[in-house]
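> need a structure here:
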Amino acid sequence: MKKFIVLIMVIALTVCMFAGCGNKNSDADSSSSETRTITDCLGREVEIPANVERIVPLANTPRMITYLGLTDKVVGISGFDEETLSPLQAYAYANKDKWRDLPVVGTDAMGATDYYPEQIISVKPDVILCTYTKELADEIQSKTGIPVVAVPMGTLFGKDYEEALRMLGDVCGVEDRAEEVISYINDCLDDLKTRTADVPDTDKPTILGAAATFKGSHGIEGVYSNYSVFNAIAANDVAKGISDKEGGVIVDKEQVIGWNPEYIFFDYSGLKLVKKDFEKNPNFYEQLTAVKNGNLYQYPNSTSYYSNVEIPIINSYYVASVIYPEQFSDVDFEKKASEIFKFFLNDSDYLSKLKDAGITYSKVTLNGDK
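Predicted coordinates for the structure are as follows:
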């Protein structure tokens, strides 16, 4: 009888051991399928996996997740065309080798937005990230059955950009990196502000940001209004306040004559249009003080598939070094640019990639190649 009882106990123990193994697997499966609910910037309650490992970033989020060090989690990309990719689209160019074989799941260019539900579904993301409207975010989620989290588009150097970075950091589990990026941006802005705070208004030359990039390239009539790059250094911007919005606007060319700025800074892409116009209308340009004195400069566009962050910060340092040489005499511009590119793109040599494409920080003339 005792032997029979022992045999029953052995069998029961064996069954319990197998049952225990089964429970562990169940716990693991349960853990991998755990979810949580967040509220995105549009007030939408979205149920997402507790651990996000696969993402599809749309609209302006591919740039943001690059800054957050999440490029390895991307399984499908939008706004990426290797054949036309320019170093001006810095986040994508820096990741071109990594993202080369990823499916293209949408496009966001020149104000046009499209997404491809079938391709998105096929790459099985845990979450879709975007900066779209509520209607479009809901539509994508409905058509794909995949949670969509919308974050703010982000105003350059604005608090809504910080909100976007924090929300993406929360969703993807990189909250510390989000705070690091926010702190770095603010440290750069504080440095620029401190250096320029004591410059008397009477010592500030008048400047204009022209050949502005917005929904394509423009000539000298495309100017920046309330330009963050200039605001960061308290520049005497002749176009400040001509529009309620921040960004590019078209003005009558005669307005540029009326402003007659002492310095003009051109977007690289638009400068080509300015030079073509100069060939046709040299008399117009020769009236400008900046042209007469040779105070014409180019820098990389701040905007390419939405606004960059790293390039505008570097642009602010460049403009400041030109118009406030004394206050920035201790700043090695190329070294500072390398530091900034390293932080945002993990590429300290990115300035060379811009130079190789002819996209330089330099003085220019309108009647030559430079």
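
> C-alpha from now on. contacts and neighbour counts both.
Noted.

> I'd say residue 52 and residue 124 touch.
No - the criterion here is C-alpha atoms under 8 Å, and residue 52 misses it with residue 124 at 11.7 Å.

> got any ranges where the stretch 1-150 of the chain has weak pLDDT?
Low-confidence segments of the stretch 1-150 of the chain (pLDDT under 70): 1-32, 109-112.

> For the stretch 251-370 of the chain, which segments are assigned as helices?
Here the stretch 251-370 of the chain has its helices, by DSSP state H, counting those that start in this stretch, at 253-259, 268-280, 282-285, 289-292, 310-323, 333-345, 350-356.

> With only the CA atoms kept, save the fourth one in CSV.
Right, helix 289-292. The C-alpha coordinates for helix 289-292 follow below in CSV (Å, rounded to 0.1, in the frame of the first residue of the first chain):
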residue,chain,number,x,y,z
THR,A,289,23.7,97.2,-49.4
ALA,A,290,24.5,93.5,-48.6
VAL,A,291,25.3,92.9,-52.3
LYS,A,292,27.4,96.0,-52.6
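
> Give me the contact list for that helix.
260-264, 285-286, 296 (C-alpha atoms under 8 Å, 6 or more residues apart in numbering).

> gap between residue 326 and residue 314?
18 Å (C-alpha to C-alpha, to the nearest Å).

> still on that earlier bit, out of the helices of the stretch 251-370 of the chain, nearest to residue 95?
Closest approach to residue 95 among the helices of the stretch 251-370 of the chain (C-alpha to C-alpha): helix 333-345, 8.5 Å.

> same for the closest one, what does it pack against?
Packing contacts for helix 333-345, counted by 3 or more C-alpha pairs under 8 Å, 6 or more residues apart in numbering; DSSP states H and E, involve helix 61-67, helix 90-94, helix 310-323, helix 350-356.

> And the protein, split by domain according to the record?
Per automatic domain parsing, the structural domains of the chain span 38-173, 184-363.

> Next, format those as JSON lines and append mean neighbour count.
Formatted as JSON lines, the domains of the chain follow (neighbours: other C-alpha atoms under 10 Å):
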{"stretch": "domain 38-173", "mean neighbour count": "19"}
{"stretch": "domain 184-363", "mean neighbour count": "18"}
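
> ok, back up a step: of the helices and strands packed on helix 333-345, which approaches residue 163 most closely?
For the helices and strands packed on helix 333-345, the distance to residue 163 is smallest for helix 61-67, at 11.4 Å, taking C-alpha to C-alpha.

> Export that closest one to CSV, keeping only CA atoms.
What follows is helix 61-67 as a C-alpha-only set of coordinates in CSV (Å, rounded to 0.1, in the frame of the first residue of the first chain):
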residue,chain,number,x,y,z
THR,A,61,8.4,61.4,-36.2
PRO,A,62,11.2,59.7,-38.2
ARG,A,63,13.4,62.7,-37.4
MET,A,64,12.3,62.7,-33.7
ILE,A,65,12.9,59.0,-33.2
THR,A,66,16.4,59.4,-34.7
TYR,A,67,17.2,62.0,-32.1
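
> start to end distance for stretch 252-272?
One end of stretch 252-272 sits 19 Å from the other (C-alpha to C-alpha).

> if we look at it, which residues are touching it?
With C-alpha under 8 Å, 6+ apart, stretch 252-272 has contacts from 205-213, 217-221, 238, 287-290, 295-302, 359-360.

> got it, and stretch 339-358?
Stretch 339-358 is contacted from outside by 66-67, 87-88, 90-91, 94, 310, 314, 334, 337-338, 360, using C-alpha under 8 Å, 6+ apart.

> Against residue 318, how distant is residue 203?
As judged by C-alpha to C-alpha, residue 203 and residue 318 stand 18 Å apart.

> scratch that, residue 273
22 Å.

> got it, and residue 61?
Taking C-alpha to C-alpha, one finds residue 61 at 27 Å from residue 318.

> Also residue 91?
Residue 91 is 20 Å from residue 318, by C-alpha to C-alpha.

> any chance of the helices and strands packed on helix 333-345 in CSV, plus distance to residue 146?
Output for these, formatted as CSV (distance: least, C-alpha to C-alpha, whole Å):
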stretch, distance to residue 146
helix 61-67, 17
helix 90-94, 24
helix 310-323, 31
helix 350-356, 35
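
> Quick one: closest of these to residue 137.
Nearest of the helices and strands packed on helix 333-345 (C-alpha to C-alpha): helix 61-67, 13.3 Å.

> following that closest one, which helix or strand comes up?
strand 77-78 (DSSP states H and E).

> What residues does residue 69 make contact with?
By C-alpha under 8 Å, 6+ apart, residue 69 lies in contact with residue 177.

> Tell me who's in contact with the nearest residue to residue 279 once chain neighbours are set aside.
Computed as C-alpha to C-alpha, 6 or more residues apart in numbering, the closest residue to residue 279 that is not its neighbour in sequence is residue 367, at 7.5 Å. The contact partners of residue 367, taken as C-alpha under 8 Å, 6+ apart, are 275, 278-279.

> Apply 10 Å and report the result again.
Contact analysis of residue 367 by C-alpha atoms under 10 Å, 6 or more residues apart in numbering lists 275-276, 278-279, 282.

> Next: residue 167.
38-41, 149-152, 161, 173-175, 178.

> Check it and give its pLDDT.
For residue 167, the model assigns a pLDDT of 98.

> Are we agreed that residue 249 is in a strand?
Yes - under DSSP: H, G, I helix; E, B strand; the rest coil, residue 249 sits within a strand.
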